[in-house]
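# Give me coordinates for this.
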Amino acid sequence: MALILLRRAPTPQSFTKRLARAGQLRCFSHTLRFYQIPATMEVELTAPNGRKWVQPLGLFINNEFVKAGSGQTITSINPTTEEEICSVEAAGADDVDLAVDAARKAFKDPSWKSLSGTERGALMTKLADLVEQHAETLATIETLDNGKPYSVSISEDVPEVSKVLRYYAGYADKNFGQVIDVGPEKFAYTIKEPVGVCGQIIPWNYPLDMAAWKLGPALCCGNTVVLKLAEQTPLSMLYLAKLVKEAGFPPGVVNIINGHGREAGAALVQHPKVDKVAFTGSTATGKEIMKMASATMKNITLETGGKSPLIVFEDADLENAVTWSHGGIMSNQGQICTATSRILVHEKVYAEFVDKFKAKVKEISVVGDPFEETTFQGPQVTKAQYERVLGFIESGKSEGATIAMGGEPAPQKGKGFYIAPTVFTNVKPSMKIFPRRYLVPVLRSSRSRRRRRRCSWPTTQPTASALPFSPRTWCERTEWRGRSRRAWCGSTAATIPTLGFRLEVSSSRVLGGNLVKRACSRTATSRPFMSTWRRDGVWM
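Numbers count the residues shown, from 1 in each chain. Predicted coordinates:
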């Protein structure tokens, strides 16, 4: 709904300007009366699987969907059909101001500030319950907007959201301070307090899950949030915003905005009232965020891109190695930051491994409509990503790498940003496709001769983020060094939330209890020690 203000007496300029920027104000005449008129902040949509829902289109600020002050919109495209789904409001700098102000006000308001950790946890648990109740709708939106298979959205992505929320809900009343021994004359202790307003920016490859990873620890510790969605995939989190309100979170605690990174994202990172920035995305953008945040000395957490090698030794179980390496690169259309996109195989088993890998791709990597049960690989997320992948493939061809399979567009019924799963062989370290990071369903394989050399050399790449080994015994016995910060043995992509050790280029912990520490600040208190108490237990 839009708000009309008819005023007889002058209204404070700051108030009217802020409402106007939010798209909520129209001024006529001079009266102090308020009316409401319909605003197109939602649209009813129907997906190919037959599910219908009402899709929010606005900026979610103060528990309401509002229009962008600039009047700009972002069109969301279905990557399967290349057709428009709908257009959502695009935030500008003024809209970011409104969202941050709402978050700042909520941070200080007793409705949120005075809640105990247990009460915050109850709200988060309620939100997790609602996510599960709306799982089919959320999975449908995720697939329609992102292109990933519905089977993955419903069985992996949506359950991950509720699991993460429940994990941090349980942590909310267990984030303790310390009592410090400074001698009998004083009583010293620390308490953990929320940082304040958290500006959070998520990528397009896992819209729901990345948002949960950001919201969970921030809300657990009592922070308030302004979450900027990826402009390519805003729809699923806008729907989840409705559930935030239904769960009972006070207005302003969670604000969710759409917008382009260069405008809304930059405004959020540089905003003087934002206390912390959390970002997941490319390394180049992460570097820019570090520069922008340095002006106000913000606390930042960055999860940036990886370039992960998978090493197969000559005594590895090849069937197991092929199975895990296939999942490591071909899952989610190759659009994973820790995808094992380059495989280093010992020369004694290289030919056999390549043959088995190609057979595995033909068996499992079925390209098709993401709403079909048999589909393993859907389209790339956008036309820009589709063209980037094709350019990447052409680069490999021109430098002399061999395409063992795939390497061309794979449209379905003449439409869609589909690319056939691709395998390069005979890739040399000097080729551009070897060290650079691309989110693509393209495997780059190379021969290896010596164990020790291959255990140190791959991690010298500046964007290595994960280093799987096979078999496990060699993982445990090999002294590998470099800039990789996580190793998998005999598998790939195993995440242990309780450890939260998902370290990438910027050495950021983005899951588990470790991130709770980043979402809190410590306050140290010291007072003279008294031996007498009041009856109510308060210090004299």
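
# My read is that T374 contacts S365, right?
No - using CB atoms under 8 Å, T374 is not in contact with S365; the gap is 11.2 Å. Bear in mind the C-beta positions are built from the backbone N, C-alpha and C, glycine included.

# Going by how many neighbours each has, rank the two and give me the top one.
S365 (20 against 9; other CB atoms under 10 Å).

# What are the neighbouring residues in contact with the more buried one?
326, 330, 376-377, 421, 441 (CB atoms under 8 Å, 6 or more residues apart in numbering).

# likewise F60?
Applying CB under 8 Å, 6+ apart to F60 gives the contacts 238, 241, 244, 254-257.

# From the centroid of this protein, which residue is nearest?
Geometric centre of the chain, nearest residue: M210, 2.4 Å, by CA atoms, centre = their mean.

# which SSE is W213 in?
helix 207-220 (DSSP states H and E).

# Tell me which strands the helix or strand that comes right after that helix pairs with, and in which orientation.
For helix 207-220, the succeeding helix or strand toward the C-terminus, using DSSP H and E, is strand 224-228. With DSSP bridges as the test, strand 224-228 is paired with strand 197-201 (parallel), strand 254-257 (parallel).

# can you list these in a markdown table and add mean neighbour count, distance to E394 and mean pLDDT?
Formatted as a markdown table, those follow (neighbours: other CB atoms under 10 Å; distance: least, CB to CB, whole Å; pLDDT from 0 to 100):
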| stretch | mean neighbour count | distance to E394 | mean pLDDT |
| --- | --- | --- | --- |
| strand 197-201 | 28 | 31 | 97 |
| strand 254-257 | 28 | 37 | 98 |
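
# who wins for proximity to V345 among these?
With distances scored as CB to CB, the stretch of those nearest to V345 is strand 197-201 (37.0 Å).

# Run the angle between that closest one and helix 207-220 for me.
Per axes from the mean of the first three to the mean of the last three CA atoms, to 10 degrees, the angle that strand 197-201 makes with helix 207-220 is 170 degrees.

# picking up where we left off before, which strands and helices lie in contact with the helix holding W213?
For helix 207-220, the elements it packs on are helix 117-133, helix 135-146, helix 158-171, strand 197-201, strand 224-228, helix 235-247, strand 276-280, helix 513-518, judged by 3 or more CB pairs under 8 Å, 6 or more residues apart in numbering; DSSP states H and E.

# so what does the second one touch, helix or strand wise?
The elements that helix 135-146 packs onto, with contact taken as 3+ CB pairs under 8 Å, 6+ apart, are strand 52-56, strand 73-78, helix 150-152, helix 158-171, helix 207-220, helix 235-247.

# if you compare those, which one is most tucked away?
Highest mean neighbour count of these: helix 207-220, a mean of 27 (counted as mean count of other CB atoms under 10 Å).

# if we can go back for a sec, possible to save the helices and strands packed on helix 135-146 as JSON lines with distance to P370 and mean pLDDT?
Converted to JSON lines, the helices and strands packed on helix 135-146 look like this (distance: least, CB to CB, whole Å; pLDDT from 0 to 100):
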{"stretch": "strand 52-56", "distance to P370": "17", "mean pLDDT": "98"}
{"stretch": "strand 73-78", "distance to P370": "10", "mean pLDDT": "97"}
{"stretch": "helix 150-152", "distance to P370": "6", "mean pLDDT": "97"}
{"stretch": "helix 158-171", "distance to P370": "15", "mean pLDDT": "96"}
{"stretch": "helix 207-220", "distance to P370": "14", "mean pLDDT": "96"}
{"stretch": "helix 235-247", "distance to P370": "14", "mean pLDDT": "98"}
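
# Now for the closest residue to F65 other than its chain neighbours, how many residues are close by?
Nearest non-adjacent residue to F65, counting by CB to CB, 6 or more residues apart in numbering: G58, 3.3 Å away. Per other CB under 10 Å, the neighbour tally for G58 reads 24.

# go on, the one 10 residues further on?
A68: 25 surrounding residues under other CB under 10 Å.

# same check, this time on Y350
Y350: 20 surrounding residues under other CB under 10 Å.

# The one 3 residues further on now?
The local packing of F353 (other CB under 10 Å) involves 20 other residues.

# same check, this time on M297
7.

# now swap in R388 and tell me
Neighbour tally, R388, other CB under 10 Å: 15.

# do V96 as well
Per other CB under 10 Å, the neighbour tally for V96 reads 28.

# Which residue, other than its chain neighbours, is closest to it?
Closest to V96 by CB to CB, 6+ apart is A267, at 4.2 Å.

# Now for that neighbour: which residues touch it?
With contact set as CB under 8 Å, 6+ apart, A267 has these partners: 92-93, 96-97.

# Please tell me which one of the residues you listed counts the most neighbours.
Counting neighbours by other CB under 10 Å, V96 comes out on top of those with 28 neighbours.

# before we move on, back to that, got JSON lines for the strands paired with strand 224-228, with distance to N146 too?
Output for the strands paired with strand 224-228, formatted as JSON lines (distance: least, CB to CB, whole Å):
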{"stretch": "strand 197-201", "distance to N146": "17"}
{"stretch": "strand 254-257", "distance to N146": "17"}
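
# correct me, but L240 touches A211?
Yes - judged on CB under 8 Å, L240 makes contact with A211 at a distance of 7.2 Å.

# joint contacts of the two?
By the contact definition CB under 8 Å, 6+ apart, L240 and A211 are jointly contacted by V161.

# Tell me how this protein divides into domains.
2-37, 46-304+508-522, 309-477 (automatic domain parsing).

# And R388, how far from E83?
21 Å (CB to CB, to the nearest Å).
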